[in-house]
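[1] turn this into a structure:
(chains A and B)
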Amino acid sequence: QSVLTQPPSASGTPGQTVTLSCSGGGSNIGRRPVNWYQHLPGTAPKLLIHSTNQRPSGVPDRFSGSKSGTSASLAISGLQSDDESIYYCAARDDSLSGLVFGGGTKLTVL
Amino acid sequence: QVQLQQSGPGLVKPSQTLSLTCAISGDSVSSNRAAWNWIRQSPSRGLEWLGRTLYSSEWFNEYAVSVKSRITISSDTSKNQFSLQLNSVTPEDTAVYYCARGYYDGSAVDYWGQGTLVTVSS
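    Have a look, this model is predicted:
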């Protein structure tokens, strides 16, 4: 249903590196920068990565973003219990003339 | 530091109009470097961008296809705020609504309001 496709769930253990994926198409990820948001229920989403691989001030360098073709990834290294959250990818879609989101991946830290 | 403060009712009856306002501090609604967005989140639909307004010599709006026939986003420069109106609401419009500052090119949003749970119910 979402324009961008994310797996609904992922998990990892403390200290591990996990990679979350986001798949799109030529009108969005294929030609536009990708953003990642961390969303804890009851709070506003937080911008983690913008412009595909740039971290806003205050975001730890454990979070990194990349893309290849029409897919993007968010890597979280040194996984911590605080990282347990829902992660959304987003990008502008030139065909729809708006911002589109993935369905979100719920990350569980075991 | 940009701050966005939302206000508006949390309960709207079906077929009526949902109205929310977002007051901006630390930036200007008529900035030529930012756009002002409305986004909603529900368990069934996840995050859904609804639309944005921005100023570039004149006001310009973009709306999501899913709500284009029912939505209006407007701005009030005297109060430095922007507003959302969503007409003919149904229970499917029940969601947490967020206002957010976005990049001028529409590629991302960075600062978010606190969110308002709007329930559509009689």
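[2] so what's the residue count around the closest residue to residue B:34 other than its chain neighbours?
    Distances taken as C-beta to C-beta, 6 or more residues apart in numbering or on different chains put residue B:101 closest to residue B:34, at 5.3 Å, once the chain neighbours are dropped. For glycine as for every other residue, the C-beta is placed from the backbone atoms N, C-alpha and C. When neighbours are counted by other C-beta atoms under 10 Å in any protein chain shown, residue B:101 registers 25.
[3] also residue B:8?
    15.
[4] looks like it contacts residue B:22 (just checking).
    No. Here residue B:8 does not reach residue B:22: they are 9.0 Å apart, not a contact under C-beta atoms under 8 Å.
[5] the residue nearest to residue B:34 is in contact with residue B:33, isn't it?
    No. Using C-beta under 8 Å, residue B:101 is not in contact with residue B:33; the gap is 9.9 Å.
[6] which residues are in contact with both of residue B:8 and residue B:22?
    Jointly contacting residue B:8 and residue B:22 under the rule C-beta atoms under 8 Å, 6 or more residues apart in numbering or on different chains is no residue at all.
[7] from chain A, how far off is residue B:44?
    9 Å (C-beta to the nearest C-beta, to the nearest Å).
[8] quick check, that residue in a strand?
    No. Residue B:44 is assigned coil when assessed by DSSP: H, G, I helix; E, B strand; the rest coil, not a strand.
[9] wait, what's in contact with it?
    So residue B:44 contacts nothing (C-beta under 8 Å, 6+ apart).
[10] mind pulling up the pLDDT for it?
    At residue B:44, the model reports a pLDDT of 85.
[11] kindly indicate whether the residue nearest to residue A:59 when sequence neighbours are not counted is helix, strand or coil.
    In this structure, residue A:59 finds its nearest non-sequential neighbour in residue A:48, 5.6 Å apart by C-beta to C-beta, 6+ apart. Here residue A:48 is strand, with the state taken from three-state DSSP.
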